[in-house]
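> A predicted structure for the sequence below; I have some questions about it.
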Amino acid sequence: MRSRESTAPAPMKQEAELLRRILDALPYPIFWKGRDLRYLGCNVAFTRVAGLAHPDAVVGLTDYELPWLKEDSDFYRGCDQQVLETGEPLSPVEESMRGSDGRQRWTQTSKVPLRDEQGAVRGVLGILVDVTARREAQEQLQLAVAASEAANSLLTAQVAEREAMQRALETSELRLRTAVRGAQMIIWALDARGTFTFSDGGGLAALGLQPGQVVGQSVFDVYSGVPDVLASARRALAGESFIYDNEVAGIHYETRYKPVFNESGALTGTIGIATDITERRRYHERLETELERTRGQLLQVERLATLGTLAAGVGHELRNISTVLNSLRGSFTECAERGVPPDREELEELRWACEHVATHGRHLMDLGRPGPTRVERLDLRELVAGALAMLRTAGIIRHVKVSSSAPESPLWVEASRTRVEQVLLNLVGNAADAVEPVRDRPAEVHVRLFEAREGFACCRVEDTGVGIPEDKLSSIFEPWFTTKAPGRGTGLGLPVVRTLLQELGGDVSVESQVGKGSAFTFRLPSALSPG
């Protein structure tokens, strides 16, 4: 006797085959089991997780015969039994799963009962959404942002058992359509000319469309006013399989296209799946905002750390100037009592002391002030000279031979004075720390200025210090990473240097060799000469 499948009308077989292809095109693993909790079928995505060669290979197996851990299999079967006994769908739950590759994953799982024509529960249908990346991202960002659950649209699909599909193709079609329309996504199929042959999904309502409304129409007519959709349709009809993000009617979608070929390899059409990711995008925008705020706080922390180091040395210098001022005060008092003018050299010494007090105070206030700073046209030579003077005043490079070289003509840049000064203070201060333990060769730091051909003004800070091991070079710009001894560094100096330079349109690079020294080179876009 011929089977129901062989006697089913050809159009029904074709549509069932299309539905099967759509099921296999879905990125989410889907499976269904009988009342004995043995697998009756699955889609291609599930076979990849289970390490099977074909969806048919799962038929008749139990969870204990798949690469899951025993305790996980016990949990899965307990959930399945609950659905069978209650006849109610199981609310989405997050659970762990170890796939055939041995990797531990987290999935968000939904399970619904499968019923026969009389309404009796015949099995369980399950849909898995991989949320591993989301969970890992939440764990990594727990120091910067509050954990926030990312909304995931779940596909609740109903498909018939393998035996039920053979007996009644029309019943399987109804169940699959019901599942697709219950999900917040859009699924469609185009023939080789771009005509819709299938259109369904719960996401159509947001676009003001009904399932099947555009079937028979050309995608190039329906979306003639949306160039992005037309361009992606042309790519798909050229045989390309791809994923991209787009926006239609104010809704953001993650759209997947997969071409369909016949047995001879000719393109017969393409299948598209669009998932609403509007909430996910808003979530990431909130994360970016929070990360930017945290980055600003880290910048201020490092700025205050630099300020504290300078303040200690500057305080000593100010005490010396205070001694000079007290001496001058006594001399001026004596001159006033005798009715004679102050000595010219003493007046010049007073001017010098006042200027130094004002200069040190301005630098300390500028470095400690949060928020945006003024960008102006500056001569990089003057900035380097000022930064080295501050470091000498603070005593940071007092016991290190520091030299500099620069071209005779100015090196003009458009930059923030305080931010470039902070870059210089960090790099030269680090170089001074690196040469401190050197005993077998001269402890020297050299700052060289030059102009690159690409239109950049460059500053190279070289030292003869201990050097950085090659395996650590790739990590020195990461926050909290430091090669200094405990208590000598925050691990924020170099990340802040890179951030400051990137904000000014520049960058920084490093060369180093253990036992010979290091060289940090930063560059900033050149500016036209004033006037």
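Great, that's in hand.

> lowest confidence element among the helices and strands of the chain?
When the helices and strands of the chain are scored by mean pLDDT, DSSP states H and E, helix 4-7 comes last with a mean of 49.

> My reading is that residue 122 lies in a helix. Confirm?
No. Residue 122 is assigned strand when assessed by DSSP: H, G, I helix; E, B strand; the rest coil, not a helix.

> Distance of it relative to residue 283?
39 Å (Cβ to Cβ, to the nearest Å). For glycine as for every other residue, the C-beta is placed from the backbone atoms N, C-alpha and C.

> Please identify which of those two sits among more neighbours.
residue 122 (21 against 16; other Cβ atoms under 10 Å).

> Contacts only, for residue 53.
Going by Cβ atoms under 8 Å, 6 or more residues apart in numbering, residue 53 touches residue 47.

> Strands of the stretch 351-500 of the chain, start to end?
For the stretch 351-500 of the chain, applying DSSP state E, counting those that start in this stretch gives strands covering 375-379, 401-405, 412-416, 444-452, 456-463.

> Check the ones you listed for me and report the most buried one.
Highest mean neighbour count of those: strand 456-463, a mean of 23 (counted as mean count of other Cβ atoms under 10 Å).

> That one: how far from the chain's middle?
30 Å (Cα atoms, centre = their mean, to the nearest Å).

> Could you do stretch 103-115 as well?
With Cα atoms, centre = their mean, you get 27 Å for stretch 103-115.

> Which stretches in the stretch 151-300 of the chain count as strands?
Using DSSP E, counting those that start in this stretch, strands in the stretch 151-300 of the chain cover 185-191, 196-200, 242-248, 251-261, 267-276.

> quick one: the shortest one to strand 185-191, angle?
When axes from the mean of the first three to the mean of the last three Cα atoms, to 10 degrees is applied, the directions of strand 196-200 and strand 185-191 differ by 170 degrees.

> same check, this time on the fourth one
Taking the same axes, to 10 degrees, one finds that strand 251-261 is oriented at 40 degrees with respect to strand 185-191.

> Quick one: mean pLDDT over strand 251-261.
Strand 251-261 carries an average pLDDT of 86.

> For that strand, which residues meet the burial criterion?
Buried residues in strand 251-261, counted by 16 or more other Cβ atoms under 10 Å: 252, 253, 254, 255, 256, 257, 258, 259, 260.

> And stretch 274-282, by the same measure?
274, 275, 276, 277, 280.

> Relative to the whole chain's centre, how far out is that stretch?
Distance, centroid of stretch 274-282 to centroid of chain: 17 Å (Cα atoms, centre = their mean).

> Quote the end-to-end distance of it.
Stretch 274-282 has an end-to-end distance of 18 Å (criterion: Cα to Cα, to the nearest Å).

> what do you get for stretch 225-243?
Stretch 225-243 has an end-to-end distance of 21 Å (criterion: Cα to Cα).

> Would you mind pulling the contact partners of it?
190, 192, 194, 219-220, 223-224, 244, 246-248, 254-259, 261, 267, 269-270, 272.

> give me that answer again for 7 Å
190, 192, 194, 219-220, 223, 244, 246, 248, 254-259, 267, 270, 272 (Cβ atoms under 7 Å, 6 or more residues apart in numbering).

> between the buried residues of stretch 274-282, which is nearest residue 441?
residue 280 (56.2 Å; Cβ to Cβ).

> Looking at the protein, which residue reaches furthest from the middle?
residue 338 (74.4 Å; Cα atoms, centre = their mean).

> From residue 331, how far off is that one?
Taking Cβ to Cβ, one finds residue 338 at 11 Å from residue 331.

> Residue 206 too?
85 Å.

> before we move on, what about residue 261?
Where residue 331 is concerned, residue 261 sits at a distance of 98 Å (Cβ to Cβ).

> about what we covered before: just put the strands of the stretch 351-500 of the chain in a markdown table and tack on mean pLDDT and distance to residue 504.
Listed next are the strands of the stretch 351-500 of the chain as a markdown table, based on pLDDT from 0 to 100; distance: least, Cβ to Cβ, whole Å:
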| stretch | mean pLDDT | distance to residue 504 |
| --- | --- | --- |
| strand 375-379 | 86 | 8 |
| strand 401-405 | 88 | 21 |
| strand 412-416 | 88 | 5 |
| strand 444-452 | 90 | 15 |
| strand 456-463 | 92 | 11 |
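
> any idea how far residue 201 lies from residue 187?
Taking Cβ to Cβ, one finds residue 201 at 5 Å from residue 187.

> Between the two, point out the one with more neighbours.
residue 187 (27 against 24).

> you'd agree that one is up against residue 200?
Yes. Contact criterion Cβ atoms under 7 Å: residue 187 and residue 200 qualify, at 5.5 Å.

> looking at the strands of the stretch 151-300 of the chain, which one has the lowest mean pLDDT?
Minimum mean pLDDT among those: strand 242-248, a mean of 81.

> So which bits of it are buried?
Buried residues in strand 242-248, counting neighbours by 16+ other Cβ under 10 Å, are found at residue 248.

> Walk me through which strands it pairs with, and which way each runs.
If you go by DSSP bridges, strand 242-248 pairs up with strand 251-261 (antiparallel).

> what's in contact with the strand it pairs with?
If you take Cβ under 7 Å, 6+ apart as the criterion, strand 251-261 is touched by 21, 25, 27, 206, 232, 236, 239, 241-246, 267-278, 281.

> ok and that strand relative to strand 267-276, angle-wise?
160 degrees.

> now strand 251-261: how far from the chain's centre is it?
So, by Cα atoms, centre = their mean, the centroid of strand 251-261 is 23 Å from its chain's centroid.

> Just the CA trace of that strand, in PDB.
What follows is strand 251-261, C-alpha atoms only, in PDB (Å, rounded to 0.1, in the frame of the first residue of the first chain):
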ATOM      1  CA  ILE A 251      12.100  49.000  13.500                       C
ATOM      2  CA  HIS A 252      15.600  47.500  13.600                       C
ATOM      3  CA  TYR A 253      16.000  43.900  12.200                       C
ATOM      4  CA  GLU A 254      18.700  41.300  12.000                       C
ATOM      5  CA  THR A 255      18.100  39.900   8.500                       C
ATOM      6  CA  ARG A 256      19.400  36.600   7.200                       C
ATOM      7  CA  TYR A 257      19.300  35.400   3.600                       C
ATOM      8  CA  LYS A 258      19.900  31.900   2.400                       C
ATOM      9  CA  PRO A 259      19.800  30.900  -1.300                       C
ATOM     10  CA  VAL A 260      17.800  27.800  -2.400                       C
ATOM     11  CA  PHE A 261      19.300  25.600  -5.200                       C
END
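
> Show me the helices in the stretch 101-250 of the chain, by range?
Remark: helices assigned in the stretch 101-250 of the chain by DSSP state H, counting those that start in this stretch are 132-140, 162-167, 169-181, 219-222, 227-237.

> which helices and strands sit right next to the fourth one?
Looking back up the chat, that one is helix 219-222. Counting contacts by 3 or more Cβ pairs under 7 Å, 6 or more residues apart in numbering; DSSP states H and E, helix 219-222 packs against no other helix or strand.

> from the chain's centre, how far out does it sit?
Mean-position distance between helix 219-222 and its chain equals 35 Å (Cα atoms, centre = their mean).
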